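[1] here is a sequence together with a model predicted from it:
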Amino acid sequence: MRSFNAKTGRACAFCKYWYDPTNAAIKPKDPVIGTWYYDEKAKNRCMKMHNTEKSSWAMCRDYECKV
């Protein structure tokens, strides 16, 4: 698990288009200040990019935060 600031970062694990309905790849560290953990080895499909498989640490221009 890697620490991440969801308020300033743009990792796919925190994007609403990254298919992870149970949010299994992320967990809160200190959500009040926006710090979370994410599994850097996780891969899921991107619903915006024609169902292409993307890593949790990847980034793209269509990012929209889900937390």
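    Yes, it's here. The shown structure was predicted, so the numbers you read here are calculated from the model rather than taken from an experiment.
[2] show me the contacts for the spatially most central residue of the chain.
    The residue lying closest to the centre of the chain (C-alpha atoms, centre = their mean) is Ala13, at 1.4 Å. Applying C-beta atoms under 8 Å, 6 or more residues apart in numbering, we find Ala13 in contact with Phe4, Asp20, Ala25, Ile26, Tyr38, Asp39, Ala42, Ser56, Trp57. Placement of C-beta: from N, CA and C, glycine included.
[3] and for Tyr17?
    Cys46, Met47, Lys48, Met49, Asp62, Tyr63, Glu64 are the contacts of Tyr17 under C-beta under 8 Å, 6+ apart.
[4] dump the residues you listed into CSV; add neighbour count, distance to Thr8 and pLDDT as well.
    Converted to CSV, the contacts of Tyr17 look like this (neighbours: other C-beta atoms under 10 Å; distance: C-beta to C-beta, whole Å; pLDDT from 0 to 100):
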residue, neighbour count, distance to Thr8, pLDDT
Cys46, 18, 21, 95
Met47, 14, 23, 94
Lys48, 17, 21, 92
Met49, 15, 22, 85
Asp62, 12, 18, 91
Tyr63, 18, 12, 92
Glu64, 11, 15, 93
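[5] narrow those residues to those in strands?
    Counting by DSSP state E, the part of the contacts of Tyr17 found in strands is Cys46.
[6] can you map out the strands along the protein?
    Under DSSP E, the chain gives strands at 2-5, 26-30, 35-38, 43-46, 52-55.
[7] please enumerate residues in contact with the fourth one?
    Put plainly, it is strand 43-46. 12, 15, 17-20, 25, 51-56, 60.
[8] ok, the residue nearest to the centre of the chain to Arg45 distance?
    13 Å (C-beta to C-beta, to the nearest Å).
[9] next one: Met59
    Using C-beta to C-beta, Met59 is found at 16 Å from Arg45.
[10] before we move on, what about Ala11?
    16 Å.
[11] right, I'll call it a day here.
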